[in-house]
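*Asks:* Model the following, please.
(one chain, ligands or ions: 1)
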Amino acid sequence: MARCAAEGCGRWRPDLLVSRGVGARVDGRWFCSRACLEQMARERLTAGTPLAPGLRGVPPMRLGTLLAAKGVCDSASLSRALEAQRESGLRLGEQLQAMGAADRQTVLTALATQFGVRCLPTFDPTTVRHAPGGLCREAVRALRIAPISDPIEHRVRVASPAPIRRRALGALRRLTGWTLEVYLVTDEDWMAILAQYGAEPRPAARPLPALVCTSSVAEAAARIAAAAARGRDATVIEANWEDHAWIRVQAPGVMEDVCLVLPEGPPHPEEASWLAATTSR
Ligand SMILES: [Zn+2]
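*Replies:* As a prediction, the model looks like this:
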């Protein structure tokens, strides 16, 4: 006899019926009905287990201090830039560039040092037209991370604009099992990557997985339950970052990605501290 794993259900069914396809297994636990699968999905979507940061934490050095230490700009032009950005609303790096006190590459290198990653001062966005890594464009947009190489022994180079979101990196690592080599790119290059990533049609044999983004827990749960029911014996992986919960349902012949976008909350501490670091000294 099999017993439904959904809380409050606990229905028993003879093994014979289960082996004939009544209900579905998820991560080795059996659920008797679509309703019980949906309940399981809702619970997992809202549990929101925070993930460990994706990269070793590097104490963020403030951009101004970093640029001054490198001798890129003196304290006088730094003060002028800080003064001016109050009016302009630009980030410190942008303000310094606008004033001609630092160039794009210097600011990018300093930011990369601040985040403890490498940087790509120039990048040809047409090289991501075939969607290296095989993510869908919605996933790239949601993560703000784009694979720029195909996996070689599970290693993948990825590009990201500032600020580097460690929790999103952690989510991507969890979902794909990749080791990520992170490169910081300028905001302009990032916009170009978003426009180009996956723009070329893929061979029919290797279509891109679709990612359904929704802000409705009910819709996300229904899709997960439907995929699990189709798969009959499915594995579910979830990863959370900031205001996103990403669930992947995998079974032989089934791979469904659902991304739940939660209503916007206050900025994540990681982002908030970065904003503070770049808008003041
Ligand atoms: Zn049940």
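*Asks:* Spatially nearest residue to the closest residue to the ion within the stretch 101-250 of the chain, not counting backbone neighbours?
*Replies:* The stretch 101-250 of the chain approaches the ion most closely through A225 (11.6 Å), counting by Cβ to the ion. C-beta coordinates here come from the backbone N, C-alpha and C atoms, glycine included. Sequence neighbours aside, L37 is the residue nearest to A225 in space, at 3.7 Å (criterion: Cβ to Cβ, 6 or more residues apart in numbering).
*Asks:* And A131, by the same measure?
*Replies:* Residue nearest to A131 in three dimensions, not counting chain neighbours: G198, with 3.7 Å by Cβ to Cβ, 6+ apart.
*Asks:* The one you found and A168: what is the separation?
*Replies:* As defined by Cβ to Cβ, to the nearest Å, G198 lies at a distance of 18 Å from A168.
*Asks:* if we can go back for a sec, now the residue nearest to A225: which helix or strand?
*Replies:* Assigned by DSSP states H and E, L37 falls within helix 34-47.
*Asks:* where does the residue nearest to the spatial centre of the chain fall, phi/psi-wise?
*Replies:* With distances taken as Cα atoms, centre = their mean, the residue of the chain nearest its centroid is L143 (2.8 Å). Here is the backbone geometry of L143 (degrees, to the nearest 10): phi -80, psi -30.
*Asks:* Could you pull up the residues touching it?
*Replies:* Applying Cβ atoms under 8 Å, 6 or more residues apart in numbering to L143 gives the contacts L135, R165, A168, A171, L172, W241.
*Asks:* let's see 10 Å
*Replies:* L143 is in contact with 135, 158, 160, 165, 168-169, 171-172, 175, 211, 239, 241-242, 244, 246, 259, counting by Cβ atoms under 10 Å, 6 or more residues apart in numbering.
*Asks:* who's in contact with P203?
*Replies:* Counted by Cβ under 10 Å, 6+ apart, P203 has contacts H130.
*Asks:* Validate this expectation: it resides in a helix.
*Replies:* No. Applying DSSP: H, G, I helix; E, B strand; the rest coil, one finds P203 to be coil, outside a helix.
*Asks:* Show me how this protein divides into domains.
*Replies:* Split into domains by automatic domain parsing, the chain comes to 2-51+209-261, 63-106, 119-205.
*Asks:* Mind putting these into TSV with distance to T113?
*Replies:* Below are these laid out as TSV (distance: least, Cβ to Cβ, whole Å):
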stretch	distance to T113
domain 2-51+209-261	23
domain 63-106	6
domain 119-205	9
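*Asks:* Kindly reformat these as CSV and extend each row with mean pLDDT and distance to A112.
*Replies:* Listed next are the domains of the chain as CSV, based on pLDDT from 0 to 100; distance: least, Cβ to Cβ, whole Å:
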stretch, mean pLDDT, distance to A112
domain 2-51+209-261, 88, 21
domain 63-106, 84, 10
domain 119-205, 91, 4
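*Asks:* Which residue comes closest to L135 once chain neighbours are left out?
*Replies:* Closest to L135 by Cβ to Cβ, 6+ apart is P147, at 6.2 Å.
*Asks:* Cheers, nothing more for now.
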